[in-house]
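Enquirer: My questions are about this predicted structure, shown below with the sequence.
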Amino acid sequence: MSAYRGKWVNALLAGLLIVALAFSFAGCKPKEPQVVKIGVFAPITGPAAADGAAATNAAILAVEKVNNAGGINGVKVELLTYDDQFSSAQAVAVAHQMIERDGVVAIVSGSYSTPTRAVAPIAQEAKIPLVAGYAVHPDITAAGDFCFRNSFVGTVQGLAAAEVAVRDLGAKKVSILMVDTDFGRILGETFKQTVEARGVKVLSIDAYPYGEKDFSALLTKIKGLNPDLLYATGYYAEGAAIALGAQTVGLTCQILGMEGMDSPKFLELGGAATEGIIITTNLNRDDMRPIAQEFLQAYESRFNVPADMVAASTYDAILIVCEAMRVGGFEPQAIRDAIAGLTNFEGVTGVIQAFTPSGEVIKPVQVQIVRDGAFHFFSVVDDPAIITPPN
Amino acid sequence: MVVQQIANGVVLGSLYALVALGLTLVYGVLRILHVAHAGVFVLGAYVGVLVYLPTGSLALAIVSAAVVCSLAGLIMYRFLYRPVLGRPPLVPLIISIGAFMFLEDLYRLVMGPYIKSLPVTIRAAGFETAAVRLTGYQLFIVAAAAGLLLGLWWLMRGTRLGLAWRASAQDLETAAAHGINTDVIIGVCFVIGSAIAAVAGVMVGGYYNQVYPSMGSVPAYKALAVIVLGGMGSVPGTVIAGLALGLAETLTMVWVGTFLPRDAIAFLVLILMLLVKPTGLLGRAS
């Protein structure tokens, strides 16, 4: 009786083992996910909401493009969007939510430096690749080898602006106005050192607080110095106020701005005063490559506003992640390695030549001019000595 | 350049005076710091945008803003301040701060977080010589500040309403005991003060071509600096203080340097004033 029972138990155990073995083999087969999740965060509400909307709209468009073309090797992309409210505290919460709760395999920043700086170390710690669309602070890529940037680090843009001032505009004496943020100061100071080294006289350099509206005093002072170029760093609201202020005080010299002014809001708020202003940026509206024209047209017809630098940069950041998945698969480590190995990738913001070992993009800097109320091609800075970020 | 910078300072100071005038009226009679006044200022700017864009009439925009804001000011007095008038001044102050924050978020929800443009053009010709250049709009700002100051001056000194206001400002209870309907006087203060805030809102929004939900946050505390500097409750003091602050900011920015943000200058002046003459430029010790 007991022998019979022992046999029965053995048979049952053997059966269980076989089933368990079958399951464990199934576990060893390569995973084929049905969908792959990419998280994008942006300042959807708060003071930078215009850029938050542009970033998320562009991300949606990029993912639709990938999915409409059949996904990545047959796998559909699911886009999860998060609001960082332009705050680093909220960005930290969002980062944990993306990684721990929602299980994204890659993160795209459609946000400014402040929130992105908060997310970068968390992504690095969790070994989830992060591609910053347009956030410029050095700490973002310094967080580690999982963090990349698809826009120009401050020094590159400052050098490019100096190149435009000297090479294209032949400036001999310049004044500088810089917004008192990391970004504004790095650009202003790099510009100053570079043009001075090339024999240009810097007549004045002034910092103003973020959000400043009244530039009459500073612009009156600059008018008295009579420069042939004013280099102004700032975002669209300050840029528009500088353009209007220059008109009010009668300052007529050429104004050279930067990518913070690359926004339809700059043109709206500055009105006719923005005519002729030149900026360094990430997006060439007159780029005739099909990928750029397709994006510019699709974005404007879908969202009823022209695409700007923020939209184009975020769009490219999504495409970079998708391309890396196509090449390397869907594991975060493989995605990271594939981004690091990317060469000559055709993005909307130009041909991304490569990423440096520290995660900085190498691509030409676009120079745009406002003509008839719209940004147009002025020139391009593609000298490798200028556009290759320092390590 | 010096003349031009002084002109810049006068324009900026006129804007400060415009924002602070209404606050002075309320403070003078009630002795409460009406922080939400800056919320009324923003409301004026938004009404300006909503009326100016379809009609193109600055006059209509200013009048509509003044009407809407007067009503808003009256409602604020009736439902926020009047129920707590007997309480310590901290109570209405906290209510006022809360109301201001509420209004900022309300504008953000209703009007959206984006900066709206208010591209005002006026026909008035500018003024230009070798030394100084002012646009038509800048002249309009200075004229409006001067006009409102004179109007208020006449109201205060030349009318029975002004007499009642001054009596109420000296002592609310004694004034009431002498048959002045102080409730009406306070209400009138809120109506006139809010209407002036509306004018200021439209003019500031149009000058910088930017109207946005948080455009009141700097004026909220800067107007406090102006009324403290001017001697709380003094109408001419407010205008002088506004001009002084505008000039101080402009001139330090140009000749001392931009290491100190302009808003810090306002508060440096405020702190110095409180240490040296706590009653302000034209204030009397109470």
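Expert: Now that the structure is in, tell me what you want to look at. Residues are numbered from 1 along each chain as shown, chains lettered A, B, ... in the order given.

Enquirer: so how far is chain A from B:Ile95?
Expert: 26 Å (CB to the nearest CB, to the nearest Å). Just so you know, the C-beta spots here come from the backbone N, C-alpha and C atoms, and that holds for glycine as well.

Enquirer: show me where the chain has helices.
Expert: Going with chain A. For chain A, applying DSSP state H gives helices covering A:2-28, A:49-68, A:88-96, A:113-126, A:138-142, A:154-163, A:182-197, A:216-225, A:236-249, A:264-270, A:290-303, A:309-328, A:332-340, A:384-387.

Enquirer: other chain: chain B
Expert: B:2-30, B:37-55, B:58-76, B:90-111, B:136-158, B:160-170, B:172-177, B:182-208, B:217-230, B:235-255, B:262-276.

Enquirer: just checking, A:Asn57 touches A:Val310?
Expert: No - judged on CB atoms under 8 Å, A:Asn57 makes no contact with A:Val310 at a distance of 9.7 Å.

Enquirer: Adding mean neighbour count, write the helices of chain A out as a markdown table.
Expert: Formatted as a markdown table, the helices of chain A follow (neighbours: other CB atoms under 10 Å in any protein chain shown):
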| stretch | mean neighbour count |
| --- | --- |
| helix A:2-28 | 9 |
| helix A:49-68 | 22 |
| helix A:88-96 | 19 |
| helix A:113-126 | 23 |
| helix A:138-142 | 19 |
| helix A:154-163 | 26 |
| helix A:182-197 | 21 |
| helix A:216-225 | 22 |
| helix A:236-249 | 25 |
| helix A:264-270 | 24 |
| helix A:290-303 | 16 |
| helix A:309-328 | 27 |
| helix A:332-340 | 20 |
| helix A:384-387 | 14 |
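
Enquirer: Looking at those helices, spot the one closest to B:Ala164.
Expert: In terms of CB to CB, the element of the helices of chain A nearest to B:Ala164 is helix A:216-225, at 40.5 Å.

Enquirer: The closest one and chain B, any residue contact?
Expert: Yes - under the criterion of CB under 8 Å from any CB of the partner chain, chain B is reached by helix A:216-225 at A:Ser216, A:Ala217, A:Leu218, A:Thr220, A:Lys221, A:Gly224.

Enquirer: Name the nearest of those relative to A:Gly250.
Expert: Checking the residues of helix A:216-225 next to chain B one by one against A:Gly250 (CB to CB), the nearest turns out to be A:Thr220, at 9.0 Å.

Enquirer: Now do the contacts for that closest one.
Expert: Shown in contact with A:Thr220 (CB atoms under 8 Å, 6 or more residues apart in numbering or on different chains): A:Val249, B:Met1, B:Gln4, B:Gln5, B:Asn8, B:Val254.

Enquirer: And for the second one, nearest residue in space, chain neighbours not counted?
Expert: Among residues not flanking B:Met1 along the chain, A:Gly224 sits closest, at 4.4 Å (CB to CB, 6 or more residues apart in numbering or on different chains).

Enquirer: The residue of the stretch 101-250 of chain B found nearest chain A: what's it in contact with?
Expert: Residue of the stretch 101-250 of chain B nearest chain A, by CB to the nearest CB: B:Pro113 (3.7 Å). B:Pro113 is in contact with A:Thr45, A:Gly46, A:Pro47, A:Ala49, A:Ala50, B:Tyr212, B:Pro213, counting by CB under 8 Å, 6+ apart.
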